[in-house]
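1. prediction below, plus the sequence it came from.
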Amino acid sequence: MDTHSLCGTTPPRPPGQENQVKTTTDQDSRNMNQFTFDHDRLLHAYEKARDDLLSQCTRQGHWVGKLSSSALSTATAVSALSLVERHADVDRDGGPAAKSAIDSVRLEIMSGLICNGLQWLAEHQNEDGGWGDTDKSTSNIATTMLVRAAFHLTAVPAKHADLLQRAETYIKEEDGIAGLRRRFGKDKTFAVPILNNCALAELVPWSEVSPLPFELACFSQKTYRHLRLPVVSYAIPALVAVGQARYWHRKPLNPITRVVRYFARSPSLRTLEKTQPESGGYLEAAPLTSFVVMSLASMNLTAHPVVRRGVEFLLDSVREDGSWPIDTNLATWVTTLSINALAAGGENVSQLDCLDWLLSCQYQQRHPFTGADPGGWGWSDLSGAVPDADDTPGALLALANFLRCDPEANREKICTAANNGIRWLLGLQNKDGGWPTFCRGWGFLPFDRSGPDLTAHALRALHAWKASQGNGALDARINKAIERGSAYLASRQRGDGTWIPLWFGNEHRKGKENPVYGTARVLLAYRDLGRIHCNEARRGIAWLVSAQLSDGGWGGPPPVPNNAMSPTTSSVEETAIALEALLPAAHTASVSRAVQRGLTWLVEVVESGRYREPTPIGLYFAKLWYHEKLYPSTFTVSALGHAVHALQQRPEASTCLTPSTST
């Protein structure tokens, strides 16, 4: 392969900087210079946030972060371990199980973890009687039903009578099973496993658990998107395990279906075993892994390798306080966020000692879980991660920043990785012009469709690596992909000027959507592509200005017109990304005022130290909420770095990017 096909004689343009200068007129520059802010104060806030971000880098040279503890993850893990403990002495034929599968030491450890998990859950019940996905989340029907099931499965509900009574009241008020189904609609990815968990706890009849066609997992991965599966692409393990549990506990009445599923048991279990990662955790996620473990354990399959490895994953991923996070970590994602944030402030990121680590995270072989071709990046360096269309652009932008800071060092291996990543990303683009998360052509259910946030990120990465000299054929593919992606973004803009992201939300807004994050992410693509003055971008900017809250930040809920007492709950993450998106348009009076107020809010929270407080804006699989410790830091450094750069108050970077305090 020609490693220089994407690397001409000059390094890639820094994302969002040179492109902005190209489309800014002299008059715009004069107006920008009229924008006022305490320059020293801004620079000091940036340096404080930057140094804090660097201090959170690990001794290995990259960032790991910390995901929020999750009531949902903790409840499913407790249920899974309880069922393994209950069935550990029996195999499928009703005889003694293999002692090597779940030994007495493991059983004792599991008992302790079950008790600790229940205690953590008891301490984190909300005032309304329900539980949210995180320790900062509002209650929801799904998590509350799972927590209730965990307490019932452990056979100690009497010790928590008041707790469970309050939970029952909440579930009844949320309309129980009907409310759960409304929450997820046609998508059975999560509704069926939840009801399966409740049926195992004898809280709902098995007739309420929809049968899943686990026999379809016996087909080739290439055919999955044509089979109209009732679950999303990443949930094949749940399709198999939960589907088999439903078949085991309540056989289908149709004799043909019964026979087909009888003979599909063994081959579908082989698929389950083949796709299980080395860590034992499917997608490094406690909920998905727990659903698989509890389902197979309920069928007296505790000796099965999938159960054994799944249990080991749960034992390894529990936290000291007795809780489980929604996923192990987002190390690759938060590392690329950190690199690109530091680059926004003009830092020489080539001094960071994480290039080889980042390159090692790129997949070199076809992925067994989704069948994805080599070339992409996942969210973590752990074995359960899967290449996707958000982490791959983040990595490509980080590599572009490495090369920009030092055009000759490591050029060949950076360009080789970038070539492979660009080709992988081009191959994932959907027919509608947008990018999905994992698999091309899966458009039936949420989280498999194209997303504006993913598409915008992909466009930024493609543009950053677009060659001025090099492989003409690949250049043509990139140009075509950018135009198709741009058309997709234009078609997905709502009437009010917003774009809605796939992977982020706001619990305080109608529909739990996050138009601030989605609109800002798309505007960053328009900025990088030099299209910040086009009609779609202007409409998005106008909406973002109108969505600013009374305290100067962004978040939710939106302000109520003519109501001075309207509550404001600005978040660091949303304020920072909104500011970064508005800065290129700050030559206009209304945007300039919004940026001034937003910077004042952000600088104040940095000065007070409150900017380190994360907000649950992240959406995981099947709309599971999370917050991440590093999001406020990375978003803040990026926004303030762009602000310092835009106001031309940043001296030539000379900071040595060596973490002052390794963790």
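-> Received it, and whenever you're ready, just let me know what you need.

2. may I have the helix or strand encompassing residue 412 exported as CSV, CA atoms only?
-> Residue 412 belongs to helix 411-428 when assigned by DSSP states H and E. Extracted C-alpha coordinates of helix 411-428, given in CSV (Å, rounded to 0.1, in the frame of the first residue of the first chain):
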residue,chain,number,x,y,z
ARG,A,411,5.1,9.8,9.2
GLU,A,412,5.0,6.4,7.5
LYS,A,413,3.2,4.5,10.2
ILE,A,414,0.7,7.4,10.9
CYS,A,415,-0.2,7.6,7.2
THR,A,416,-0.5,3.8,6.9
ALA,A,417,-2.9,3.7,9.8
ALA,A,418,-4.8,6.8,8.4
ASN,A,419,-5.1,5.2,5.0
ASN,A,420,-6.6,2.0,6.5
GLY,A,421,-8.9,4.1,8.7
ILE,A,422,-10.2,6.3,5.9
ARG,A,423,-11.0,3.2,3.7
TRP,A,424,-12.8,1.6,6.6
LEU,A,425,-14.8,4.7,7.2
LEU,A,426,-15.7,5.1,3.5
GLY,A,427,-16.9,1.5,3.4
LEU,A,428,-19.3,2.1,6.3
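
3. give me the residues contacting that helix.
-> 1-7, 355, 359, 362, 372-377, 387, 389, 392-393, 395-396, 399-400, 402-403, 435-436, 439-440, 458, 461-462, 465, 474, 477-478, 481 (Cβ atoms under 8 Å, 6 or more residues apart in numbering). For every residue, glycine as well, the C-beta is placed using N, CA and C.

4. among these, which ones are buried?
-> When the contacts of helix 411-428 are checked for burial by 16 or more other Cβ atoms under 10 Å, the buried set is 3-7, 355, 359, 362, 372-373, 375-377, 387, 389, 392-393, 395-396, 399-400, 402-403, 435-436, 439-440, 458, 461-462, 465, 474, 477-478, 481.

5. just the ones in helices from those, please.
-> 355, 359, 392-393, 395-396, 399-400, 402-403, 458, 461-462, 474, 477-478, 481 (DSSP state H).

6. follow-up on the earlier one: quick one: distance of the helix holding residue 412 to the chain centre.
-> 22 Å (Cα atoms, centre = their mean, to the nearest Å).

7. over to stretch 344-364?
-> 20 Å.

8. show the end-to-end separation of that stretch, please.
-> 29 Å (Cα to Cα, to the nearest Å).

9. repeat that for stretch 177-194.
-> Stretch 177-194 end-to-end distance (Cα to Cα) = 10 Å.

10. now do that stretch, average pLDDT.
-> Taken as a whole, stretch 177-194 has an average pLDDT of 90.

11. buried ones in that stretch?
-> 177, 179-181, 183-184, 187-194.

12. list just the nearest of those to residue 629.
-> Relative to residue 629, the closest of the buried residues of stretch 177-194 is residue 190; by Cβ to Cβ it sits at 25.2 Å.

13. so the closest one makes contact with residue 141?
-> No - using Cβ atoms under 8 Å as the test, residue 190 is too far from residue 141 to be in contact (11.3 Å).

14. run the chain-centre distance for stretch 515-526.
-> 16 Å.

15. oh, and call the first residue 300 from now on, that's how I've got it
-> Okay, residue one is now 300; in that scheme the one you just asked about reads as stretch 814-825.

16. which residues does it contact?
-> The contact list for stretch 814-825, computed with Cβ under 8 Å, 6+ apart, reads 315, 751-752, 754-756, 758-759, 788, 792-793, 796-800, 803, 805, 808, 831, 833, 835-836, 839-840, 842-843, 846, 853-855, 872-873, 876-877, 879-881, 916.

17. from these, which ones fall inside helices?
-> Short answer: the contacts of stretch 814-825 in helices (DSSP H) are 751-752, 754-756, 758-759, 788, 835-836, 839-840, 842-843, 872-873, 876-877, 879-881.

18. which residues touch the nearest residue to residue 616 once chain neighbours are set aside?
-> Excluding its sequence neighbours, the residue lying closest to residue 616 (Cβ to Cβ, 6 or more residues apart in numbering) is residue 627, at 5.7 Å. Counting by Cβ under 8 Å, 6+ apart, residue 627 makes contact with 366, 578, 580, 583, 616, 679, 681, 683.

19. please apply the same query to residue 364.
-> Residues near residue 364 by Cβ under 8 Å, 6+ apart: 355, 628, 629, 630, 633, 927, 928, 929.

20. show the buried residues in these.
-> The buried subset of these - by 16+ other Cβ under 10 Å - is 355, 628, 629, 630, 633, 927, 928, 929.

21. JSON lines please, covering those and showing secondary structure, distance to residue 605 and pLDDT.
-> Below are those laid out as JSON lines (DSSP: H, G, I helix; E, B strand; the rest coil; distance: Cβ to Cβ, whole Å; pLDDT from 0 to 100):
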{"residue": "355", "secondary structure": "coil", "distance to residue 605": "35", "pLDDT": "96"}
{"residue": "628", "secondary structure": "coil", "distance to residue 605": "23", "pLDDT": "97"}
{"residue": "629", "secondary structure": "coil", "distance to residue 605": "25", "pLDDT": "97"}
{"residue": "630", "secondary structure": "helix", "distance to residue 605": "25", "pLDDT": "98"}
{"residue": "633", "secondary structure": "helix", "distance to residue 605": "30", "pLDDT": "98"}
{"residue": "927", "secondary structure": "strand", "distance to residue 605": "29", "pLDDT": "97"}
{"residue": "928", "secondary structure": "coil", "distance to residue 605": "31", "pLDDT": "97"}
{"residue": "929", "secondary structure": "coil", "distance to residue 605": "32", "pLDDT": "98"}
